[in-house]
Structure formats: structure tokens, C-alpha cells
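Visitor: Structure here, sequence nowhere to be found:
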């Protein structure tokens, strides 16, 4: 019997590793059940040294002069590399000012550490041509860096692409102040990078900042990787309007990994078209198989946004990301004039800080053991049913006097014309307002009319002083300053 038991145990021990191995080798799936291609899990970056000869622009007539617009000189280097079969255009240390540049098949861009490719702040340095913008194909301004039909196109290096957007932003807000109906396109601005009709594209390691308009825009591309990018625009002072970090327009198989994004609009955005017949327009299209992972978001309107110029988005994954002071983690924008469908979208393993939390979620942290009654507005309805309240013996025994929603008020049958429900709620609100008044004074010292605690933690000492001062002020007004001062 012992021998039989031992053999059975040995068999199970040998079987378990096989089962575990089978589970670990199970293919990863998109939300609709389709296997995720192995391409998405490839860790390696592009080795720029394998992309052909390097053309350092300063060796071909481009000057180290940060005040001179050298569009023609830099474009001549790109054209020369293309004529010779391709190669890498190298921006060395220094700042090089330019208007729109067009990369040809076989060419790539490398920006070395300390090197800055900087866009001109004059829209006259950008030609008007047919391009794609805001869900439409139309005549508009191209980007600083453009690549159309350039399979295998790579942007790499530890340098910077700077859109030089301040004056564009300033002009936008002046226009908007003069005309509230001013659109994004009315304030004529170039994008930073626009890549279209291309496959196997990689943008890695570079810093992208101060784009006048969208920062990265890809259209009708597939197998595109954004790796380890640092993308920023102004989020305070003169803000950078519509400076989306990455706009994915009618593309499939796109990976955004390890990027930092802080822009005055949405971070990763799915586009595809707009208008009543957008789903039938041959220039529009769906977005499919998009993965955003291991990224950090700071002060963006939306970490992952679908729309609003979007027609059909499917199989979208946002995972293992960290977000701070963002307005929306997942934002599904809808347009009343466009047929739209968003499906099979998953969000998982997200950490960060919430810009807004419902009051009822934090109520248990405000209660004390010596409290027996809590007064609250209608935002606290149902507080006694919350798990953190029911599990605490004292909190669960407290009396919660919560103001009803206006729609639930009823006039009593006995004393018609006297709304006792409203009268009782008015008294509850009066007590609550008296308690909260000191906090209102403190909040206004920080310039807030609502409860916004962002930043107060950094000024905790000042917060305590203001709170004490506001309590003293209320006691003085009530003629009770001695009670406050001497206990």
C-alpha cells in the first residue's frame, strides 16, 4: 500500500511541471479571443548601426546655428541619402532649426545626445499640402518630420525633437479669446511627427517636447512601435492646446511601451474619421490591435482616448501603467454626427493617484471613535451600507443623518403645505455647513472653491496654520475667543 501511494505521488509530481509549462506557454489573447502576435512581445530595439551609412548633417553644409532656419540644407542631406540607397540622417550635438522635412524610403533619423531638431515658430516655413488631420484628408500643414510610404522607418537617439510651440500656443489662445468658435485648424500649426502608409516603424528613446499641435500622428500604418519616449508639452501658464502625445489614425498592430507622457490634451488617442458617412469614406478606417503598456502618464486629459474622430476601434489593451493627476484613465469620446463603435477594450494593472474621488469613498477616514452622529449631503446616501462602515462596530452603530435628494421629498399628509422633509434637510445642511465653514476658508486661501486637495500635502504646515486661524476667526465673530485661546 505504501509503495502504491509513493508511486502515485511521484506520478503527480512529474505531471505538475508539465501542466505548469503548458499553462505558461498558452498564447496571450486579445479581448476578443484572437491570439496576440509574437511581434508585440519582442523586447529588442532597432540597432541603428545596421540601417546603413550615417549622414551627419554638419558634414553636408548644415551649420551649427540655432537662429537660422535650414530646411533646404537638411532636406538636401535626406535626398542625397535616398539617392545613394538609404541611410541614417544624424543630428549631432547642437540646435538645428527647420521647417517641414520629408524622409524618403530607406532613410532614417538619429538624434544624438545633446542634439536638438527644432521646428520653426513661423508657419510660413511649412508648406500647405494635402495631408491628414483631425479625421479628415484635406489641405493643411505637414509636420516637422514627415514620412510617407517609408517602410522600416526609424527615429532613434537620446536627443530631442522640439516643436518650438510657444508662439503657436499663444496665438491660439488669442484667437480663442477673440472668437470662441475658433477651431484647432483655424489656428494654423504644424505637428511634430507625421508618418503615413508605412509598415514596421519604430520611434525609440527620443525626447519630444513643445509640439505646436499633435506630437505624433500615424495614419494607415501597421506594426508601429513607440518605445521609451519622453513626450511633454506645457500644462500650465500658456498651455499647449491639442498637443496629443500619440494619435493612432486608422492603423493596426501598434505598440506603445515604456513611454512618459505629459501633455495638455490626451496621451494615446485612437482616430479614424468623422462625419455622417465616415464609415463609408475610403480615406477613413478602423483601429485594430493596439497595446499600451508600462507607461507613465502625468497631467493629461485622458491616458487612453477613443475618439472623437473615430469610427471603429477593436482589441485595445491598456495595462501596467501609472497615472498621476490625469482627468480620465479611459475616455470614450462620441460624436453625434459620426457612426462609431468601440468594442473589446480592456484596462488592467493601473496604479496612481486619483484627481477626483467621490466623497462617500473617503467618509470612513473622516469619522472618529468619539463620533455618534454624522451629518452629510445627498452625496453620502447609502454610507451605512458600505463595507468599511459595516465592518467597524462603532461606525456601524452611528446615526447617519443624510440629506435626501430633492426628487425624494414628499409633503406630509397631516400638515399639508408644510414640507417637513425639506425643513429637516435644511437643518441637517445648516449643521453640516457650520462644520465645513472653516475648511471653506482654508480652501479659499489656496484659491479653491471646491474640495481639491491636490498640492495641500506639500503645504501641510501652512494648512494647519490656516485651519487654526480660521477657527480663531469664527470664535472671535461668535465672541468666544477666550474659550478658543484658553481651552
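Guide: Received the coordinates, thanks. What you see is a predicted model; the values in this text were computed from it and never measured.
Visitor: quick one: the closest residue to residue 213 other than its chain neighbours and residue 384, what's the gap?
Guide: What sits nearest to residue 213 in space, not counting adjacent residues and going by CB to CB, 6 or more residues apart in numbering, is residue 189, at 4.2 Å. C-betas here are computed from N, CA, C, even on glycine. Separation of residue 189 from residue 384 (CB to CB, to the nearest Å): 54 Å.
Visitor: And these two? Which one has more around it.
Guide: Set residue 189 next to residue 384 and count neighbours by other CB atoms under 10 Å: residue 189 wins out with 28 against 15.
Visitor: Might you list the low-confidence residue ranges for the stretch 151-300 of the chain?
Guide: The model of the stretch 151-300 of the chain has no residue with pLDDT under 70.
Visitor: Just the helices from the chain, written as ranges.
Guide: With DSSP state H as the criterion, the chain has helices at 2-24, 71-83, 166-178, 359-366, 387-390, 393-397, 420-445, 460-477, 481-486.
Visitor: which residues does residue 298 bridge with?
Guide: residue 324 (DSSP bridges).
Visitor: Quickly note the distance from it to residue 60.
Guide: Counting by CB to CB - residue 298 and residue 60 are separated by 39 Å.
Visitor: Over to residue 113?
Guide: 21 Å.
Visitor: same check, this time on residue 123
Guide: In terms of CB to CB, residue 123 sits 27 Å off from residue 60.
Visitor: do residue 181 as well
Guide: Taking CB to CB, one finds residue 181 at 46 Å from residue 60.
Visitor: Also residue 206?
Guide: Distance from residue 206 to residue 60, by CB to CB: 21 Å.
Visitor: Looking at those two, which has the bigger crowd around it?
Guide: Comparing residue 206 with residue 60 by other CB under 10 Å, the one with more neighbours is residue 206, at 24 against 14.
Visitor: I'd guessed the more buried one sits against residue 157; true?
Guide: Yes - counting by CB atoms under 8 Å, residue 206 touches residue 157, with 5.7 Å between them.
Visitor: who touches both of the two?
Guide: residue 111 (CB atoms under 8 Å, 6 or more residues apart in numbering).
Visitor: Mind pulling up the pLDDT for residue 337?
Guide: At residue 337, the model reports a pLDDT of 89.
Visitor: Would you enumerate the residues in contact with it?
Guide: 274-276.
Visitor: Go through those residues and say which is closest to residue 72.
Guide: residue 274 (35.5 Å; CB to CB).
Visitor: wait, what's in contact with that closest one?
Guide: 134-136, 308-309, 335, 337-338.
Visitor: What subset of these is buried?
Guide: Buried subset of the contacts of residue 274 (neighbour count, 16 or more other CB atoms under 10 Å): 134-136, 308-309, 335, 338.
Visitor: what's the closest of the residues you listed to residue 171?
Guide: residue 134 (18.2 Å).
Visitor: roughly how far apart are that closest one and residue 319?
Guide: From residue 134 to residue 319 the distance is 28 Å (CB to CB).
Visitor: List the contacts of residue 365.
Guide: With CB under 8 Å, 6+ apart, residue 365 has no contacts at all.
Visitor: Am I right that residue 263 is in contact with residue 243?
Guide: Yes - in terms of CB under 8 Å, residue 263 counts as a neighbour of residue 243; the distance is 4.7 Å.
Visitor: Which neighbours do the two have in common?
Guide: What both residue 263 and residue 243 touch, as defined by CB under 8 Å, 6+ apart, is the set 215, 233.
Visitor: Who has more neighbours out of those two?
Guide: Under the criterion of other CB under 10 Å, the comparison of residue 263 against residue 243 puts residue 243 first, with 32 against 28.
Visitor: thinking that one is in contact with residue 264, fair?
Guide: Yes - taking contacts as CB under 8 Å, residue 243 lies within contact range of residue 264: 5.5 Å.
Visitor: what sits in contact with each of the two?
Guide: 233-234.
Visitor: Tell me how far residue 352 lies from residue 335.
Guide: In terms of CB to CB, residue 352 sits 29 Å off from residue 335.
Visitor: try residue 223
Guide: For residue 223, the distance to residue 335 - CB to CB - is 29 Å.
Visitor: do the same with residue 290
Guide: 20 Å.
Visitor: again, but for residue 379
Guide: 31 Å.
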